[in-house]
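Got a predicted structure here, sequence first:
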Amino acid sequence: MEKTNPSFEKYLEILQSKLDQVKLGGGPKRIASEHEKGKLTARERIDYLIDKESEFLEIGAFTADGMYEEEGGCPSAGVVTGIGYVSGRMCVIVANDATVKAGAWFPMTAKKNLRAQEVAMENRLPIIYLVDSAGVFLPMQNEIFPDKEHFGRQFRNNAKMSAMGIVQVAAIMGSCVAGGAYLPIMSDEALIVDKTGSIFLAGSYLVKAAIGENVDNETLGGATTHCEISGVTDNKYENDQECLDAIRKIFATLGENPKAGFDRIEAKNPSLSGEKLLEIFPVDRAKPYDMHQVIEGLIDAGSLEEYKKDYGKTLICGTARIDGWVVGIIANQRKIVKTAKGEMQMGGVIYSDSADKAARFIMNCNQRKIPLVFLQDVSGFMVGSKAEHGGIIKDGAKMVNAMANSVVPKFTIIVGNSYGAGNYAMCGKAYDPRLIYSWPTAQMAVMSGASAAKTLLQIKVASLKKSGKEISTEEEKQLLDEIIAKYNEELSPYYAAARLWVDGVIDPRETRKVISMGIEAANHAPITERFNVGVIQT
């Protein structure tokens with residue numbers, strides 16, 4: 001067996017360690033507490049619900065990583081989300097993690113829930129809510145309550161999905177309080193677990209305080225109340241397993257919907273093994289390499305048909321197949337390349353010719369109904385008088401315009417650098433990729449750490465001098481070290497994943513699975529828009 005690059009192995013060890021920690025949720029004691037109540041944890045519920053030996057693509061595993069430390073942390077933002085298969089049907093699953101602050105909603109919990117609903121809406125996938133939440137985390141209510149991307153937006157999405165014909169099934173498996181009570185009841189079907197599930201606008205303590213009524217939570221909003229008296233919920237079940245079995249039966253009855261019709265044939269393994277891929281990819285972000293080799297480690301063997309391979313060489317464009325699906329690949333070339341005029345172009349930089357090529361290729365893929373895959377390792381667009389005189393802004397705008405107006409689904413994998421406007425042009429989060437994941441080697445920022453640190457240092461020193469303070473060489477070095485340390489932390493893919501700038505950090509060997517499941521999901525949503533790039537200077 002081929003040996004993994006020792007340097008890359010360290011990245012994978014960190015990734016696995018962080019994943020293991022995330023999967024513990026609120027910790028062993030909280031997990032044991034849920035079991036004592038006869039409940040499964042969020043992840044156990046998902047494992048039980050999805051088809052055996054099927055794949056589950058988690059979205060947002062590292063959400064809120066390193067955030068809310070003063071509140072004790074909020075692993076995975078207290079909710080598990082992803083794409084899975086239930087009774088053979090692909091769907092989105094959202095499961096509150098009651099081991100984390102009783103499933104309370106933090107600001108990033110809201111953002112993550114909205115992201116899951118966005119995935120369901122974009123791909124026309126049915127969605128399952130496994131509800132077990134104490135509601136809004138009150139100490140931070142001002143950051144989660146009233147705004148467009150806050151808590152209330154999910155109910156708006158419930159209504160929109162209902163109008164779109166997207167099936168929503170909710171299971172009340174624990175607390176469901178206040179505004180959160182609307183989510184399951186705005187779904188198509190609402191199931192509830194007896195004795196552990198409860199749903200009400202105000203709990204017994206608040207009812208007592210508000211109107212003086214003495215009533216226990218079970219009488220107020222338990223399964224018997226809502227299935228036999230109010231009619232709020234449809235059916236009650238004795239335990240989590242029985243309730244999850246009922247969801248499987250519902251999904252077994254779902255009818256088929258029209259598909260987008262993306263082309264797929266029998267898959268082939270890549271010509272480059274996953275272990276070889278890790279071996280050849282340099283963890284040193286300044287080291288050049290041939291992106292063609294990375295592509296060969298991701299696509300079905302022999303399937304790449306390169307577009308304008310001898311023109312605009314700092315971007316590789318071409319059609320290929322990934323797990324049988326046809327895709328259009330746009331990838332940054334990291335090695336120094338030579339143009340037909342004998343000029344040398346730096347790797348990872350987008351030049352006018354490569355931007356022009358990419359724009360034309362994107363148009364072709366839209367014409368042929370081919371999903372797009374962006375492989376990012378980009379330092380940005382070329383700068384300097386020669387580039388400016390050559391119209392780099394015009395050509396860059398052309399590429400961004402074509403990419404932004406693309407109607408075929410887009411998928412982005414950040415393998416290395418993702419700096420400045422290069423992040424935008426290569427379909428960063430702001431440009432609605434259906435899924436966006438990064439490798440552990442990824443770095444995302446306005447510019448590289450070294451460049452940014454020097455710029456920030458100059459600004460800081462100038463500010464100090466302006467206020468009449470001179471600093472020594474030693475103090476300047478210490479200041480630079482502090483700036484670099486902070487900036488490097490913000491470059492981390494986990495920093496990006498914590499804020500949902502990416503959907504997750506993955507082992508490179510998982511890339512094919514992510515893209516394949518992403519296209520399968522996108523295939524559930526027929527393309528109804530016409531591709532139109534508007535006004536572009538040529």
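Now that the structure is in, tell me what you want to look at.

okay, CA-based contacts and neighbour counts for the rest of this
Fine.

nearest residue to residue 24 other than its sequence neighbours?
Using C-alpha to C-alpha, 6 or more residues apart in numbering and skipping the chain neighbours, the partner closest in space to residue 24 is residue 31 (7.9 Å).

go on, residue 130?
Nearest to residue 130 is residue 95, by C-alpha to C-alpha, 6+ apart, at 4.5 Å.

cool, and residue 306?
Nearest to residue 306 is residue 318, by C-alpha to C-alpha, 6+ apart, at 4.0 Å.

quick one: secondary structure of the one you found?
strand (DSSP: H, G, I helix; E, B strand; the rest coil).

any idea how far it is from residue 178?
Residue 318 is 52 Å from residue 178, where distance means C-alpha to C-alpha, to the nearest Å.

quick one, what contacts residue 257?
residue 524 (C-alpha atoms under 8 Å, 6 or more residues apart in numbering).

Tell me how far it lies from residue 90.
12 Å.

hmm, back to that, the residue nearest to residue 130 should be in a strand, yeah?
Yes: secondary structure of residue 95 (three-state DSSP): part of a strand.

OK, contacts around the residue nearest to residue 306?
304, 305, 306, 307, 328, 329, 330, 361.

do the same with residue 224
194, 236.

now with 10 Å?
By C-alpha atoms under 10 Å, 6 or more residues apart in numbering, residue 224 lies in contact with 192, 193, 194, 195, 198, 218, 230, 231, 233, 235, 236.

What subset of these is buried?
Neighbour counting with 16 or more other C-alpha atoms under 10 Å marks 192, 193, 194, 195, 198, 218, 233, 235, 236 as buried within the contacts of residue 224.

Surely the second one is in contact with residue 242?
I take that to be residue 193. Yes: shown here, residue 193 and residue 242 form a contact pair, counting by C-alpha atoms under 10 Å, at 8.5 Å.

ok so, going back, show me what the residue nearest to residue 130 bridges to in the sheet.
residue 80, residue 130 (DSSP bridges).

Just give the closest residue to residue 22, not the sequence neighbours.
The nearest residue in space to residue 22 (C-alpha to C-alpha, 6+ apart) is residue 75, at 5.7 Å.

isn't that neighbour right up against residue 23?
Yes: the criterion here is C-alpha under 10 Å, and residue 75 meets it with residue 23 at 8.3 Å.

what's the overlap in contacts for the two?
Joint contacts of residue 75 and residue 23 (C-alpha under 10 Å, 6+ apart) are residue 61.

and those two? which has more neighbours close in?
residue 75 (28 against 15; other C-alpha atoms under 10 Å).

What separation do you get for the more buried one and residue 57?
Taken as C-alpha to C-alpha, the span from residue 75 to residue 57 is 18 Å.

In three-state terms, how would the residue located most distally from the centre of the chain be classified?
Each residue of the chain has a distance to the centre, and by C-alpha atoms, centre = their mean the biggest one is for residue 468: 46.9 Å. Counting by three-state DSSP, the backbone at residue 468 sits in coil.

which residues does it contact?
Residue 468 touches residue 462, counting by C-alpha under 10 Å, 6+ apart.

tell me which strands and helices the helix or strand of the chain with the lowest mean pLDDT is in contact with?
When each helix and strand of the chain is scored by mean pLDDT, DSSP states H and E, helix 449-466 comes last, with a mean of 76. Helix 449-466 is packed against helix 473-491, with contacts defined by 3 or more C-alpha pairs under 10 Å, 6 or more residues apart in numbering; DSSP states H and E.
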